[in-house]
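[1] Test case, fold it:
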Amino acid sequence: MIQLDSLTKVFDTPKGAVVAADHISMEVSAGEICILLGPSGCGKTTTLKMINRIIRPTSGKVYIDGEDTTGMNTQELRRNIGYVIQQIGLFPNMTIEENITVVPKLLGWDRAHYKERAREMMAMIALEPDAFLKRYPSELSGGQQQRIGVARALAADPPVMLMDEPFGAIDPINRAVIQDEFLKMQQELNKTIMFVSHDIDEAIKMGDRIAVFREGKLVQYSTPDDLLAAPKNAFVESFLGEDRALKRLNLVKVREIVSDDIGTVTPGDTLEKALAKIDDFGYQNSILMINDQRQPAGIITRSVARTTKGYCRDHFQNIPATVNLEDDLRKVASLMFAHDTTWLPCVDDEGRVCGQITQRAMTRHLGSRFRAREGDIREANATTGE
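    Residues are numbered from 1 along each chain as shown. Now for the predicted structure:
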């Protein structure tokens, strides 16, 4: 959907020519989010702005859906590309409805169509249309204004969106909420997005592919998993940080490593039976008790089962936590540390037990993926001479 071919920008300064973007070549497939990542002044924002010609390239070409944009009318080009910036850029003298419908009006939409579109966009960003459409930007919080900025960029349903640190000025709590909402929207909208960020965690969470820049050059262009598993050079490795292996926890879902081999007891089982089942799972010091609907009902510990007589229903402890199949391993690790446990039961969307996840399985999975991915990429680099 987006192709950059040797895109270059040279700025003339009193001290001489400065190369801000140096022969950038890359492709972003339809429906993907590509994150441009790197330190300040590395060329990522310059590259983004050359796509919609806010900055005119010195040389090179931009193709959108296979069409060379060089000869396109600038205003027409921009109307077909959604643009969101960190400063939001809402028009303060316009209502929220007027802000959202700016581009649809320019494109000649009839009044009923663009007003209905404004309501659709408000619903999509989880803001009540009747409560917000007639307000002005100054009457909204920063997080709400940022959502309106996204809605305005999406209003005319552009196939391509450019986002320049769109959530950078928002506090961490609201930032995480808006990121999650945006990813949910993307599953439905399937836009092609180029997204500038300086936040590694945001890039890993949001991106299908990540482009790392340094001093105007594109250093590495990879999936988040490949980037973390096998940085191309020392700069990328240092930029990602020493905890890059831990960052990969965000990329793995529980469903990828859940084991359905989980021992359970019922409230009517004896503690003697519970102890026998715990011994069958020698690396665990407790076993899960489930009810008739196969929902978690409690935990029977080894110490209780060994020293007490009676039934499970009378001697269980509360379950410290459960995880869902769609949770990532970062959440799992956090829960394990918080509750001092090496395993957690996994439940489906109906709350029924479908397996367990263990600390050992997490360590083994991450280690094997890390070594395999690193080996594959080194072999590929050796083949290409990089």
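[2] and the helix or strand residue 363 falls within, average pLDDT?
    Element membership of residue 363 [criterion: DSSP states H and E] is helix 359-384. Mean per-residue pLDDT for helix 359-384: 69.
[3] what does stretch 225-232 give?
    87.
[4] what's the answer for stretch 40-58, then?
    On average, stretch 40-58 scores 91.
[5] buried residues in that stretch?
    42-53, 55, 57-58 (16 or more other C-beta atoms under 10 Å). Every C-beta, even on glycine, is put in place using the N, C-alpha and C of the backbone.
[6] With stretch 133-142 instead?
    Neighbour-count burial for stretch 133-142 [16+ other C-beta under 10 Å]: 133, 137, 140.
[7] Touching it from outside, list them.
    88, 90-97, 99, 118-119, 122, 132, 145, 148, 169-171, 174 (C-beta atoms under 8 Å, 6 or more residues apart in numbering).
[8] Among those, which lie within helices?
    96, 97, 99, 118, 119, 122, 132, 145, 148, 174 (DSSP state H).
[9] Report how many residues lie close to residue 63.
    Neighbourhood size, residue 63 [other C-beta atoms under 10 Å]: 15.
[10] tell me the domain boundaries of this structure?
    The chain is divided into the following domains under automatic domain parsing: 2-251, 255-363.
[11] Quick check: which element contains residue 246?
    Taking DSSP H and E as the criterion, residue 246 maps to helix 244-247.
[12] tell me the secondary structure for the residue lying farthest from the centre of the chain?
    Here the chain reaches farthest from its C-alpha mean at residue 309, the gap being 49.7 Å by C-alpha atoms, centre = their mean. Taken by DSSP: H, G, I helix; E, B strand; the rest coil, the conformation at residue 309 corresponds to coil.
[13] try residue 9
    Classification of residue 9 using three-state DSSP returns strand.
[14] Touching, it and residue 21? I think so.
    Yes: in this structure, residue 9 is within contact of residue 21 by C-beta atoms under 8 Å, at 4.4 Å.
[15] okay, and the common contacts of those two?
    43, 46, 47, 50, 57.
[16] just the strands in the stretch 151-300 of the chain please.
    Per DSSP state E, counting those that start in this stretch, the stretch 151-300 of the chain carries strands over the ranges 160-164, 192-197, 209-214, 217-222, 264-265, 286-290, 296-301.
[17] got TSV for those strands, with mean neighbour count too?
    What follows is those, written out as TSV (neighbours: other C-beta atoms under 10 Å):
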stretch	mean neighbour count
strand 160-164	22
strand 192-197	24
strand 209-214	24
strand 217-222	19
strand 264-265	22
strand 286-290	23
strand 296-301	21
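[18] Let's have those strands in JSON lines, adding distance to residue 353 and mean pLDDT.
    Output for these, formatted as JSON lines (distance: least, C-beta to C-beta, whole Å; pLDDT from 0 to 100):
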{"stretch": "strand 160-164", "distance to residue 353": "40", "mean pLDDT": "90"}
{"stretch": "strand 192-197", "distance to residue 353": "38", "mean pLDDT": "92"}
{"stretch": "strand 209-214", "distance to residue 353": "36", "mean pLDDT": "95"}
{"stretch": "strand 217-222", "distance to residue 353": "37", "mean pLDDT": "94"}
{"stretch": "strand 264-265", "distance to residue 353": "7", "mean pLDDT": "92"}
{"stretch": "strand 286-290", "distance to residue 353": "6", "mean pLDDT": "92"}
{"stretch": "strand 296-301", "distance to residue 353": "6", "mean pLDDT": "92"}
